[in-house]
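Student: predicted model, plus sequence, below.
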Amino acid sequence: MKNTKQILLAVLGLFIYTSELLPQTNEEQILAIRKGSNLAFKSHKEKTVLIYLTDHLLTTTGNGNLLSGKKH
C-alpha cells in the first residue's frame, strides 16, 4: 500500500511538472491565422475566404437560409 501511494504521487508529480512544460496553445500561430482570415473576409474574394473555412462549415445568410460546407 505504501509503495502504491509513492508511485501514485510520483506519477502525479511528473504529470503536473510535464504539463507545465508543454504549451497549451501557440498564441503567435493563432494570431497569424486570425489576421489572415480577417484580411480574407475584408477582401471579399470568395476563393481567399474559403481557404480559412472548414468543410463542415454552417452559415446562416441574411434571409435565414442555412448553407452547409464550402461548396455553396
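Tutor: In hand now; what should we look at?

Student: switch to C-alpha atoms for all contacts and neighbour counts from now on
Tutor: OK.

Student: check contacts around the residue positioned nearest the centre of the chain.
Tutor: By Cα atoms, centre = their mean, the mean C-alpha position of the chain lies nearest to residue 30, the distance being 7.9 Å. With contact set as Cα atoms under 8 Å, 6 or more residues apart in numbering, residue 30 has no partners.

Student: mind listing what's buried in the helix or strand where it lies?
Tutor: Counting by DSSP states H and E, the element that carries residue 30 is helix 27-43. Using 16 or more other Cα atoms under 10 Å as the test for burial, helix 27-43 gives 36, 37, 40.

Student: how far is that helix from where the chain is centred?
Tutor: Helix 27-43 sits 13 Å away from the centroid of its parent chain (Cα atoms, centre = their mean, to the nearest Å).

Student: tell me, how many residues neighbour the closest residue to residue 66 other than its chain neighbours?
Tutor: Excluding the flanking residues, the one nearest residue 66 by Cα to Cα, 6 or more residues apart in numbering is residue 60, at 4.6 Å. Here the number of neighbours of residue 60 (other Cα atoms under 10 Å) works out to 10.

Student: quick check: residue 60 touching residue 67?
Tutor: Yes - Residue 60 is within contact range of residue 67, at 6.3 Å (criterion: Cα atoms under 8 Å).

Student: same question for whichever strand or helix holds residue 7, mean pLDDT?
Tutor: Using DSSP H and E, the element containing residue 7 is helix 2-21. The average pLDDT within helix 2-21 is 67.

Student: repeat for stretch 59-72
Tutor: Computed over stretch 59-72, the average pLDDT equals 77.

Student: check what contacts that stretch and list those residues.
Tutor: 50, 53, 54, 55, 56, 57, 58.

Student: now the first one: which helix or strand?
Tutor: Just to be clear, that refers to residue 50. helix 46-51.

Student: how far out from the middle of the chain is that helix?
Tutor: 19 Å.

Student: ok, stretch 41-56 next?
Tutor: For stretch 41-56, the separation from the chain centroid amounts to 17 Å (computed by Cα atoms, centre = their mean).
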